[in-house]
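> Sharing a model that was predicted from the sequence below.
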Amino acid sequence: MTTTTNDVIVIGGGHNGMIAACYLAKAGRSVTVVEALPTIGGMSATNTIFPEAPDHLINEGGLDVTLLRCSNIVKELALEKYGFGQIVPDPPYAYLNQDGSSLCIWRDPVKTADEIKYFSPKDAKAYIEFVNSISIMMDGVLRFMRTHPTRPNLIDLAIGGAKMLAHPSKLWGLTRYLSSSHAEFIEETFEHDMVRGPLASMVPFLPIEAESTGWALIYFAVIHGVGVSRIIGGSGGLTDALARCLAAHGGTVRTSAKVDQIIVDNNRVRGVELVGGERLYADTVISAANAKVTLLNMVPKGTLPHKEQIQANHIPIATGRASSFKIDIALREQVRMTRHQAWRKQHMGDDTDLRIPGHCSLPYENHIKSWNDCMAGRLPSPLHNFTIFPAHADPTQVPKGQDSVWYWCGVAPTQPTEPWATLKERATREAYQYMSQFYDDIEGIEIARRVMTPDDLAEHFNVPFGYVYHVDTTVSRFGPFRPSPAYADFTTPVEGLFLSGASMHPCAGIAGIPGQLAARVALRKTAGGK
Ligand SMILES: Cc1cc2nc3c(=O)[nH]c(=O)nc-3n(C[C@H](O)[C@H](O)[C@H](O)COP(=O)(O)OP(=O)(O)OC[C@H]3O[C@@H](n4cnc5c(N)ncnc54)[C@H](O)[C@@H]3O)c2cc1C
């Protein structure tokens with residue numbers, strides 16, 4: 001078998017792996033990224049997948065970008081020079097009701113509250129108070145998310161803390177919101193379903209009634225604070241720019257190259273062995289694949305010491321028993337939303353093109369039931385859903401006059417009592433029936449579709465249950481506890497082996513910070529630092 005030698009091998013060409021690779025190559029290391037799939041991008045890839053619609057660009061995973069915008073990665077890697085560009089749609093989101101009404105969540109919280117007034121003046125006031133209160137936390141939280149979780153920049157954190165302490169009267173409210181469940185906070189604070197619905201639908205990270213899940217609502221501070229963007233050409237535009245940046249610094253990418261085993265000798269990493277037997281040697285390996293998969297399936301059995309092995313075994317993935325169900329559709333015409341557009345014209349007096357924002361529409365009352373259904377292995381009905389027509393913000397993604405649908409259900413059972421192989425068809429029918437309440441005759445203008453169950457996503461991305469957050473997003477798996485204390489500093493007991501990716505601090509999503517921080521740690525350690 002051929003062998004190649006590098007300074008660094010990065011496992012996984014998702015955006016975090018590519019970002020880690022770019023930083024290391026920029027620092028002068030020879031770097032090779034090995035990616036199992038035929039293209040890079042992982043859960044933020046954009047590919048052509050339909051032979052019947054060869055010019056439709058399909059976003060395989062995430063679309064909405066927030067956390068990357070809070071980092072300095074685009075600037076430090078000069079990604080705009082390599083073709084990276086973003087669009088900031090406003091409004092980024094709209095909640096659609098089955099009766100034709102809608103509520104837009106605008107970048108501006110005051111504009112959003114003005115729209116809420118139509119449904120409930122009381123909720124409009126509560127919304128502004130809610131956004132003002134969580135926004136106080138934002139600065140401190142973002143500073144923590146950008147820093148090393150176990151060796152934080154204390155001066156930076158102190159500045160964030162001082163900003164929070166400048167509002168002592170609001171701090172009690174913040175602790176309440178962090179300790180309550182997502183459902184409890186919504187019900188206690190808001191009365192109208194048009195407000196409760198989006199607050200539940202847009203952040204379906206954790207079982208809505210579980211303790212300390214109210215934190216998920218900080219996403220609303222992010223929407224209003226930094227805005228939500230979409231990447232021009234689809235999310236894969238990010239990894240395409242990163243690939244150009246990597247090449248410019250001498251790095252290489254190997255696709256269709258799945259790592260079978262990490263080579264360890266005398267508790268030191270030596271490289272990786274690909275499926276098929278080829279060996280690539282390096283003194284540093286960074287895995288940006290799922291942390292649990294890396295530690296349990298790629299590191300040779302018996303390598304990890306007892307405590308680290310136990311912590312790896314117990315890294316929690318989708319313990320709420322819910323994950324994603326996704327449908328991608330190519331359309332031959334542009335979608336129409338006749339009823340909802342007419343309602344806005346008549347009641348809001350505006351011509352906002354509702355096809356630009358992302359849509360959610362599950363009524364609040366269904367959320368608790370959906371999570372309980374997943375826990376019991378049942379398919380919820382209706383399904384949680386989030387739908388985007390990416391080409392309306394960025395027409396480069398489809399041929400002129402055509403369209404595509406990105407449909408995501410974030411609360412689908414991971415262990416259904418009826419296997420996904422047969423449940424798939426029922427879930428697909430359910431999704432289309434539900435969509436038909438909002439979009440005029442999608443099936444009539446369909447060219448092709450692809451349906452992905454949690455099992456399909458798991459196999460495709462090599463992440464258990466196809467879990468988009470890689471590791472549970474509970475408060476107990478944040479910062480120095482993500483994915484577990486033994487691995488939170490990006491190192492492992494195997495010298496030269498580091499972890500990165502969505503499993504790591506600060507979080508999943510199109511963020512890039514796990515890639516940036518892992519590269520910094522690897523550079524420091526390989527330069528002889530502690
Ligand atoms: C349907 C869906 C919707 C989402 N929506 C959003 C959204 O709107 N906004 C947002 O911010 N986030 C969203 N996310 C989440 C976000 O896309 C991911 O958390 C993020 O892209 C993870 O990036 P990563 O680089 O850490 O990991 P990944 O993208 O998972 O990359 C890991 C890579 O490692 C590769 N790999 C795995 N095993 C091996 C191996 N043995 N050998 C070689 N390569 C291997 C995989 O093929 C993959 O390419 C969504 C995800 C999905 C799937």
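Now that the structure is in, tell me what you want to look at. Numbers count the residues shown, from 1 in each chain.
> what residues are up against residue 280?
3-6, 9, 32, 34, 271-272, 274 (C-beta atoms under 8 Å, 6 or more residues apart in numbering). Heads up, the C-betas are built off the backbone N, CA and C, glycines and all.
> Reformat the residues you listed as CSV; add neighbour count, pLDDT and secondary structure.
Below are the contacts of residue 280 laid out as CSV (neighbours: other C-beta atoms under 10 Å; pLDDT from 0 to 100; DSSP: H, G, I helix; E, B strand; the rest coil):
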residue, neighbour count, pLDDT, secondary structure
3, 9, 65, strand
4, 15, 69, strand
5, 13, 82, strand
6, 19, 86, strand
9, 28, 98, strand
32, 23, 98, strand
34, 24, 98, strand
271, 24, 98, strand
272, 25, 98, strand
274, 18, 98, strand
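> so which of the residues you listed comes closest to the ligand?
Using C-beta to the nearest ligand atom, residue 34 is the member of the contacts of residue 280 that sits closest to the ligand, with 5.2 Å.
> Spatially, which residue comes closest to the closest one, not counting chain neighbours?
Spatially, and ignoring its direct neighbours in sequence, residue 34 is nearest to residue 257 (4.3 Å; C-beta to C-beta, 6 or more residues apart in numbering).
> contacting residues for the one you found?
34-36, 274, 278.
> quick one on the thing from earlier: among the contacts of residue 280, which are in reach of the ligand?
Checking the contacts of residue 280 against the ligand by C-beta under 6 Å from any ligand atom, the ones in range are residue 34.
> Residue 325 bridge partners, please.
residue 409 (DSSP bridges).
> Assess the claim that it and residue 453 are in contact.
Yes - counting by C-beta atoms under 8 Å, residue 325 does reach residue 453; the two are 5.9 Å apart.
> Look at residue 172 and report its pLDDT.
Here, the pLDDT recorded for residue 172 equals 75.
> cool, residue 177 as well?
75.
> same deal with residue 529?
Among the per-residue scores, residue 529 shows a pLDDT of 62.
> how about the helices of the stretch 401-530 of the chain, start to end?
420-435, 454-461, 513-526 (DSSP state H, counting those that start in this stretch).
> buried set for stretch 244-261?
244-246, 249, 251-254, 257-259 (16 or more other C-beta atoms under 10 Å).
> and it, C-alpha only, in PDB?
C-alpha atoms of stretch 244-261 as PDB (Å, rounded to 0.1, in the frame of the first residue of the first chain):
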ATOM      1  CA  ARG A 244      -9.000  27.500  -2.100                       C
ATOM      2  CA  CYS A 245      -7.400  29.000   1.000                       C
ATOM      3  CA  LEU A 246      -5.900  25.700   1.900                       C
ATOM      4  CA  ALA A 247      -4.500  25.100  -1.600                       C
ATOM      5  CA  ALA A 248      -3.000  28.600  -1.500                       C
ATOM      6  CA  HIS A 249      -1.100  27.600   1.600                       C
ATOM      7  CA  GLY A 250       0.100  24.300   0.200                       C
ATOM      8  CA  GLY A 251      -2.500  22.000   1.800                       C
ATOM      9  CA  THR A 252      -4.300  19.200   0.000                       C
ATOM     10  CA  VAL A 253      -7.700  17.500   0.300                       C
ATOM     11  CA  ARG A 254      -8.400  13.800  -0.400                       C
ATOM     12  CA  THR A 255     -12.100  13.000  -0.900                       C
ATOM     13  CA  SER A 256     -13.600   9.500  -1.000                       C
ATOM     14  CA  ALA A 257     -11.000   8.700   1.600                       C
ATOM     15  CA  LYS A 258     -12.600   7.200   4.700                       C
ATOM     16  CA  VAL A 259     -10.400   6.700   7.800                       C
ATOM     17  CA  ASP A 260     -10.800   3.200   9.200                       C
ATOM     18  CA  GLN A 261      -8.300   3.500  12.000                       C
END
